[in-house]
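Engineer: Provide a 3D model corresponding to the input given below.
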Amino acid sequence: MPVFYSPVPENLHMGLAYVGGSVFTNNRTADMVNELVSHLPLQMLLYFNMFYFPCWWFSAVFMLDVKFYHLEDYYQALLITGIVLLTVIEVVRLYLGYIGNLKEKVPELAAFWLLTFTLQLPVVLFFLTDEDTIILPLERAVHSLYLVFLLTQIFASFLALRTMTRKLILLFHLRQFGLIYCISFCIKSCTAVIMQHKIWDEIKSEVRFIDTLFV
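Structural biologist: Residues are numbered from 1 along each chain as shown. This next block holds a predicted model:
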């Protein structure tokens, strides 16, 4: 079986291994870095929202069909546009929420938060508060429950984003600190190796000089 030798001196190699172990494993900071920060309450909300949205959609479409011809023309257009907009955004929003939370991706989770806060929430509030749209009892119930989902998801995703950004900042500082510490340790180790070689060369030269005297 072939044996492979590292080009790095043995003492330098052991020193680097020790530095890496002491900096990144043998402390509580490393446990915090390796800890999963996916937000369980947010994931549960997304899961239940995925099953609730089809019920909300069928209820909204059915109620719109019931009252459609009793509405003004511009309210007909607004309600149709609102339902279509919510349907399209909801698919994208839930996908971004799942990916951002489970895989701990800040951009996707931030996009989920923005879509929820800036688009979904205003449309649902319009459906729930504008009395000129002839709000039926079933509509008020399903819109209210959907509004609760959105508000809790906004709060939970904000907490998840804060936790994930703290972890990313910690990782950045740890990498910078580890890099600087390893570079300084490498310089010291290389200096020690060079000094050892110089001392050994001086010893060999002195031995040769003594040999020449006895010859």
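Engineer: Residues contacting stretch 95-103, please?
Structural biologist: Defining contact as CB atoms under 8 Å, 6 or more residues apart in numbering, one finds that stretch 95-103 is touched by 38-39, 42-43, 46, 105-112, 115, 153, 157, 160. C-beta coordinates here come from the backbone N, C-alpha and C atoms, glycine included.
Engineer: What about Val84, how many residues nearby?
Structural biologist: Look at Val84: counted by other CB atoms under 10 Å, it has 10 neighbours.
Engineer: circling back: just the buried residues out of the contacts of stretch 95-103, in PyMOL syntax.
Structural biologist: Applying 16 or more other CB atoms under 10 Å to the contacts of stretch 95-103, the buried members can be selected in PyMOL as follows:
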select buried, resi 39+42+43+46+108+109+110+111+112+115+153+157+160
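Engineer: Just the ones of the contacts of stretch 95-103 in strands?
Structural biologist: Among those, no member is found in strands (DSSP state E).
Engineer: Just give the closest residue to Val124, not the sequence neighbours.
Structural biologist: Using CB to CB, 6 or more residues apart in numbering and skipping residues adjacent in sequence, the residue nearest Val124 is Leu147, 5.3 Å away.
Engineer: And the average pLDDT for the helix or strand that neighbour falls within is what?
Structural biologist: When elements are assigned from DSSP states H and E, Leu147 belongs to helix 137-214. Average pLDDT, helix 137-214: 72.
Engineer: Run a quick neighbour tally on the residue nearest to Val124.
Structural biologist: The local packing of Leu147 (other CB under 10 Å) involves 16 other residues.
Engineer: Isn't it up against Leu128?
Structural biologist: Yes: between Leu147 and Leu128 there is a contact at 6.3 Å, judged by CB atoms under 8 Å.
Engineer: between those two, what contacts are shared?
Structural biologist: In contact with both Leu147 and Leu128: no residue, using CB under 8 Å, 6+ apart.
Engineer: before we move on, what SS does the residue lying closest to Thr87 once chain neighbours are set aside have?
Structural biologist: Distances taken as CB to CB, 6+ apart place Trp57 nearest to Thr87, at 6.4 Å, with adjacent residues excluded. State at Trp57, reduced to three classes by DSSP: H, G, I helix; E, B strand; the rest coil: helix.
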